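> quick check, what structure comes out for this input:
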Amino acid sequence: MKPKKETLKLTTKTIIQCFHTAHQSLSDSWHYYEEYELRYCPDFKGEVHIGDYCGPVPSSSIFLIAPNLARSWVRTTENPPGVKSHHDGLSCAAFFPGSAISNAQRLFPELNNLTSMMDDARFGLRFDLGPETTEIGTAISQLKEENGCKRLCSFLTILDRLRHVSYQTLSSTTDTGESQSQRCEALDRALDYINRNFDQAIDLETVAGVACMSPSHFCRLFKATFNTGLIDYVNSLRTQRMCVLLARTNRSVSAIAMETGFTNLSNCNRAFKARMKMSPSKYRDKCWAKQDDQIPDLRDALGMARVQPV
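From the prediction side, this is the model:
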């Protein structure tokens, strides 16, 4: 069954959207969100389906579910017709964008210790029960009543406390409600950024942020899709540009290296030789020896054919 995308009613006042939802109102249909979902279920009676996982929801459970991972909440007890029970209770959830943490980490490296937990949330997490979990759950339920800096500080404190709590990864697969086209769009944004900026310093965190992914998730997806790593891809672009400039200009090798994004001549020579099987100077001599001004086929020499979706 194809999961349905659920859209939240967002506000521009906060990136942390908080909701209290009656248990009977939790969606039992197969659905997903584009945001992270941090949900506290004090007394939900039923099962949760996350990815290919299906299991009970113990009292006071806390779940962290990554963007686009399909889930459903199925109640196993119902009240008799016309009877309302105060035991039905509420579950409390905080939703926040997938890029929120990775963007904040570029400004505040103190948040880098959240990376592993946020990345594991791609499989859906359930935190182990205990007094600490109950206290954190209470803090989650209070977020809705807070605003401004207080909400943000409380939210970050909750995440920091959760990373010290043991948790279980639930789904064995990261197959999600995210479509192939969405992944392609994210990679297209990243490739467009790289292609426009390869002659400048490029770091993994920035490129992953452009794709709205965590650095580790982006690395795995990039490698699986293009069969090459980010650094190798960038160096291939730089080498390709160097080849053109070496053949068509008389500028020095060091000047061309700096112009194409290499930080020093040593790194440039190493990367160039790895792809062209010769030094930049030898490549220039070889090109200039061809009086017909033809440049060797760069795509074959650079192995750029490898940089294709697999």
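> residues near residue 11, how many?
Per other Cβ atoms under 10 Å, the neighbour tally for residue 11 reads 8. Placement of C-beta: from N, CA and C, glycine included.
> and if you look at residue 188?
Residue 188: 12 neighbours (other Cβ under 10 Å).
> now do the contacts for it.
By Cβ atoms under 8 Å, 6 or more residues apart in numbering, the contact list for residue 188 is empty.
> so residue 157 makes contact with residue 142?
No - Residue 157 lies out of contact with residue 142 (Cβ atoms under 8 Å); the separation is 11.4 Å.
> now do the helices in the stretch 201-310 of the chain.
204-210, 215-226, 230-248, 253-259, 265-276, 280-288, 298-302 (DSSP state H, counting those that start in this stretch).
> got a pLDDT number for residue 79?
With respect to pLDDT, residue 79 scores 48.
> dump the helices of the stretch 201-310 of the chain to CSV, plus mean pLDDT.
CSV is the format used below for the helices of the stretch 201-310 of the chain (pLDDT from 0 to 100):
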stretch, mean pLDDT
helix 204-210, 91
helix 215-226, 82
helix 230-248, 91
helix 253-259, 94
helix 265-276, 93
helix 280-288, 90
helix 298-302, 52
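> tell me which of these approaches residue 34 most closely.
Nearest to residue 34, of all the helices of the stretch 201-310 of the chain, is helix 215-226, at 14.8 Å by Cβ to Cβ.
> which neighbouring elements make contact with that closest one?
helix 115-120, helix 180-197, helix 204-210, helix 230-248 (3 or more Cβ pairs under 8 Å, 6 or more residues apart in numbering; DSSP states H and E).
> mind listing what's buried along that helix?
Within helix 215-226, the residues that count as buried by 16 or more other Cβ atoms under 10 Å are 215, 216, 217, 218, 219, 221, 222, 226.
> export those as a markdown table, with columns for distance to residue 236.
Formatted as a markdown table, the buried residues of helix 215-226 follow (distance: Cβ to Cβ, whole Å):
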| residue | distance to residue 236 |
| --- | --- |
| 215 | 20 |
| 216 | 22 |
| 217 | 22 |
| 218 | 18 |
| 219 | 17 |
| 221 | 18 |
| 222 | 13 |
| 226 | 10 |
